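Trainee: any chance you could fold what I've pasted below:
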Amino acid sequence: MISYFEASLEALSIHYIGNQSQDEHYVFSDVPVTLQGEELNNLLKQYLLEPFSKINEVYRFYHSSGNLNLNELFHFAGTIFDDPATFHETSTQIAKHLYEISGHPKIKPGEMYCVYFKNLQIEGELLDAIGIFKSESKETYLKVFPEQNGFGISYESAGININKLDKGCLIFNIEKEQGYKVAVIDQTNRSQEAVYWKDDFLKLKIRNDNFHQTNNVLGIYKNYVTQKLDDEFEVSKADKIDLLNRSIKYFKEKESFDLGEFSNEVIGNEQGISSFLNYKKSFEDEFEAPIPDNFDIHAAAVKKQSRVYKSVLKLDKNFHIYIHGDKELIEKGFDEGKKLNYYKVYFREEA
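Mentor: Below you'll find the model as predicted:
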């Protein structure tokens, strides 16, 4: 979805952000970085942009009041897009904002990079974009070099691994009235203090497009089958796997989603359909994320969810049965003599 093959790095400013709850300070640069050499530019683009090449979700800026102009990053992005000459000055304002919300004691200090890109592609369009990144993780590297008749060795104790971007966002100069198109990455923290990047600093909400809708329905259905179904019905693990396989099959074979059609073809039981619809409604209410009854299916979202849909029946530590097709070809029973459960599997030929 995001490609940087034609992108150029036009401006770069770097500032240091400490953690104010730990009495750490910030250091703002007076001037932007002077970029020298094509190789350094290519390494920077690899470090900052390569992680976004597999990102499909698109977010938008928002503010709880409904007034987008109260979102700080929306305001700063608009200032730069309207007048790129303000880039470095505005990058300092962005750094101040990041420092002010870095109050959790576990937030790591690090450098903040503010970058202006041209010809960065998202969803087939070449656009100007602002990148904001933070490097928190430092690594030690050994350096080996020729020396007289042999080799010498030294080390760099606080280097940055260009294959590990910690945090980043890309703000694309399009659809300003809706809150721009924004892509985001946070690789370092999955715990509670990590929400500061997306929720406190950027204040983002996911764009409610067909990727998000496809991803949500498959995720909701998977959670319903694996976590909720047992509360209301007696369902074997083989039946659960069959229900999951049927849902993936539906999304792979159809071009568009229809809630009524999906319910009848995949669930096929009035009580089960009613239960699933109630579960879906609870999700929509809790997360304030309404899902339409009809939308175009997004193939990338189906592929993403297929990876986490499990079709494996695990039996003690001895056997795994992979169920990919007709559930009627597997039967469950209980052997009174051995006092053990068993599965009987029917097949025509061995592969």
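Trainee: same for the helix or strand harbouring residue 129, what does it pack against?
Mentor: Under the criterion of DSSP states H and E, residue 129 resides in strand 125-135. Contact analysis of strand 125-135 by 3 or more CB pairs under 8 Å, 6 or more residues apart in numbering; DSSP states H and E lists helix 38-49, helix 72-82, strand 110-122, strand 167-172 as its packing neighbours. Any C-beta I mention is one placed from the backbone N, CA and C, and that applies to glycine too.
Trainee: would you state the helices of the stretch 151-300 of the chain in chain order?
Mentor: Listed in chain order, the helices of the stretch 151-300 of the chain (DSSP state H, counting those that start in this stretch) span residues 195, 210-223, 229-232, 237-253, 259-262, 270-287, 299-306.
Trainee: residue 346: which of those helices is closest?
Mentor: Judged by CB to CB, the one of the helices of the stretch 151-300 of the chain that comes nearest to residue 346 is helix 237-253, at 13.1 Å.
Trainee: coming back round to it: report the buried residues of the strand holding residue 129.
Mentor: Of the residues in strand 125-135, those buried under the neighbour-count criterion (16 or more other CB atoms under 10 Å) are 127, 128, 129, 130, 131, 132, 133, 134, 135.
Trainee: wait, the first one touches residue 170, no?
Mentor: Right, residue 127. No. Under the criterion of CB atoms under 8 Å, residue 127 makes no contact with residue 170, lying 9.7 Å away.
Trainee: mutual contacts of those two, please.
Mentor: Counting by CB atoms under 8 Å, 6 or more residues apart in numbering, the common neighbours of residue 127 and residue 170 are residue 120.
Trainee: which stretches of this structure have low pLDDT?
Mentor: Applying pLDDT under 70 to the chain picks out residues 188-194, 310-314, 318-329, 351.
Trainee: domain parsing for it?
Mentor: In the domain annotation for the chain, the residue ranges read 2-136+163-206, 210-345 (automatic domain parsing).
Trainee: would CSV of those domains with distance to residue 149 be doable?
Mentor: Written out in CSV, the entries for the domains of the chain read as follows (distance: least, CB to CB, whole Å):
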stretch, distance to residue 149
domain 2-136+163-206, 29
domain 210-345, 53
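Trainee: determine which stretch of those domains is the most buried.
Mentor: Among the domains of the chain, ranked by average contacts under mean count of other CB atoms under 10 Å, first place goes to domain 2-136+163-206 (a mean of 17).
Trainee: which pair of the buried residues of strand 125-135 spans the longest distance?
Mentor: Across the buried residues of strand 125-135, the two members that end up farthest from each other (CB to CB) are 127 and 135, 24.7 Å apart.
Trainee: adding distance to residue 299 as columns, could you present the buried residues of strand 125-135 in JSON lines?
Mentor: JSON lines is the format used below for those (distance: CB to CB, whole Å):
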{"residue": "127", "distance to residue 299": "23"}
{"residue": "128", "distance to residue 299": "28"}
{"residue": "129", "distance to residue 299": "25"}
{"residue": "130", "distance to residue 299": "29"}
{"residue": "131", "distance to residue 299": "27"}
{"residue": "132", "distance to residue 299": "30"}
{"residue": "133", "distance to residue 299": "29"}
{"residue": "134", "distance to residue 299": "32"}
{"residue": "135", "distance to residue 299": "34"}
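Trainee: dump the residue contacts of residue 129.
Mentor: When the contact criterion is CB under 8 Å, 6+ apart, the partners of residue 129 are 116, 117, 120, 122, 170, 171, 172, 173.
Trainee: could you rerun that using 6 Å?
Mentor: Residue 129 makes contact with 117, 120, 170, 172 under the criterion CB atoms under 6 Å, 6 or more residues apart in numbering.
Trainee: wait, doesn't the third one sit right on residue 183?
Mentor: Yes. Judged on CB atoms under 6 Å, residue 170 makes contact with residue 183 at a distance of 4.6 Å.
Trainee: ok so, going back, now render the contacts of residue 129 as CSV, adding distance to residue 333.
Mentor: Formatted as CSV, the entries for the contacts of residue 129 read as follows, by distance: CB to CB, whole Å:
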residue, distance to residue 333
117, 62
120, 59
170, 56
172, 58
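Trainee: which two among those residues are spaced furthest apart?
Mentor: 117 and 172 (9.3 Å).
Trainee: and the closest residue to residue 121 other than its chain neighbours, backbone torsions?
Mentor: Here the nearest residue to residue 121 in space, its sequence neighbours aside, is residue 3; by CB to CB, 6 or more residues apart in numbering that works out to 4.2 Å. Residue 3 has phi and psi values of phi -130, psi 140 when expressed as degrees, to the nearest 10.
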